[in-house]
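*Asks:* here is the input, now give the coordinates:
(2 chains)
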Amino acid sequence: DGGITQSPKYLFRKEGQNVTLSCEQNLNHDAMYWYRQDPGQGLRLIYYSQIVNDFQKGDIAEGYSVSREKKESFPLTVTSAQKNPTAFYLCASSTGQAFSGANVLTFGAGSRLTVL
Amino acid sequence: AQSVTQLDSQVPVFEEAPVELRCNYSSSVSVYLFWYVQYPNQGLQLLLKYLSGSTLVKGINGFEAEFNKSQTSFHLRKPSVHISDTAEYFCAVSNDYKLSFGAGTTVTVRA
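*Replies:* A predicted model of the protein is given here:
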């Protein structure tokens, strides 16, 4: 079945460590996105990518980095510069142009990061 | 600027009762509207979308929503809820350049 796979589902990190969250899709979608979800705040965009080797900052990119070396993969690194990284992270993808109005996002099941 | 306001953060409801989740938006251009559902510890799934045409949109699991341009609203309704409808619901608005999500409404269905 086509879909988005995020791993790990749960991750614990000590302060000062970088961690990388994996996101893989087999939908042949062009655009991929990373969102952060905190209780009562909805989803906030971290980064998005329209094509391989290109990505754009979202609303809350500070302390995060991404890469897009393959169409199907869009890993997110939470760096030690992110001051409050404990959150639920969601990866998504869509066909065509990123944010093109009618595009529906397909989401992965999420990764929950907890900083100890 | 574009924004989305979900007017209720929590909605408790009894099984088989109706439910309405309210969503208002602001935008200076034409928009597309979506409702997504998130079950505990999962990603979001599309419930329904409004792109154009009829203002009453039907989605999955018996949900429907009505687009009201003059009120800039897109309220979600279901005439009779089930325990399995317990989830968080997100309204989203897109204008070809930006996709904005509301803060979410948690629906808890009780027997």
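
*Asks:* need the per-residue pLDDT for the closest residue to chain B within chain A.
*Replies:* For chain A and chain B, the shortest gap (C-beta to the nearest C-beta) falls at A:Phe107, measuring 3.3 Å. The C-beta positions use only the backbone N, C-alpha and C, and glycine is treated the same way. The model reports A:Phe107 with a pLDDT of 95.

*Asks:* give the contact list for it.
*Replies:* A:Phe107 sits next to A:Ile4, A:Leu90, A:Cys91, A:Ala92, B:Gly43, B:Leu44, B:Gln45 when contact means C-beta atoms under 8 Å, 6 or more residues apart in numbering or on different chains.

*Asks:* lowest-confidence member of these, which is it?
*Replies:* Among these, pLDDT bottoms out at B:Gly43, giving 90.

*Asks:* and that residue, how many neighbours?
*Replies:* 22 (other C-beta atoms under 10 Å in any protein chain shown).

*Asks:* do I have it right that it meets A:Ser93?
*Replies:* No - applying C-beta atoms under 8 Å, one finds B:Gly43 not in contact with A:Ser93, separated by 11.0 Å.

*Asks:* what touches both of these two?
*Replies:* A:Ile4.

*Asks:* phi and psi next, for B:Phe101.
*Replies:* With angles defined as degrees, to the nearest 10, B:Phe101 sits at phi -110, psi 150.

*Asks:* tell me how far it lies from A:Val115.
*Replies:* 24 Å (C-beta to C-beta, to the nearest Å).

*Asks:* these two: who's more crowded?
*Replies:* Ranked by neighbour count (other C-beta under 10 Å), B:Phe101 and A:Val115 place B:Phe101 first, with 21 against 18.

*Asks:* show me what contacts the more buried one?
*Replies:* Counting by C-beta under 8 Å, 6+ apart, B:Phe101 has contacts A:Gly42, A:Leu43, B:Val4, B:Phe90, B:Cys91, B:Ala92.

*Asks:* and which of these is nearest A:Lys9?
*Replies:* Nearest to A:Lys9 out of the contacts of B:Phe101 is A:Leu43 (C-beta to C-beta; 18.1 Å).

*Asks:* element containing the residue most central in space within chain A, please.
*Replies:* Note on chain A: the residue nearest the mean C-alpha position is A:Trp34, at 2.5 Å, using C-alpha atoms, centre = their mean. Take DSSP states H and E as the rule and A:Trp34 turns out to sit in strand A:31-37.

*Asks:* helix or strand right after that strand?
*Replies:* strand A:43-49.

*Asks:* just give me how far that next one sits from the chain centre.
*Replies:* Chain-centre distance of strand A:43-49: 7 Å, with C-alpha atoms, centre = their mean, to the nearest Å.

*Asks:* and whichever strand or helix holds B:Asn24, which residues are buried?
*Replies:* Assessed by DSSP H and E, B:Asn24 sits inside strand B:23-26. By 16 or more other C-beta atoms under 10 Å in any protein chain shown, the buried positions in strand B:23-26 come out as B:Cys23, B:Asn24, B:Tyr25.
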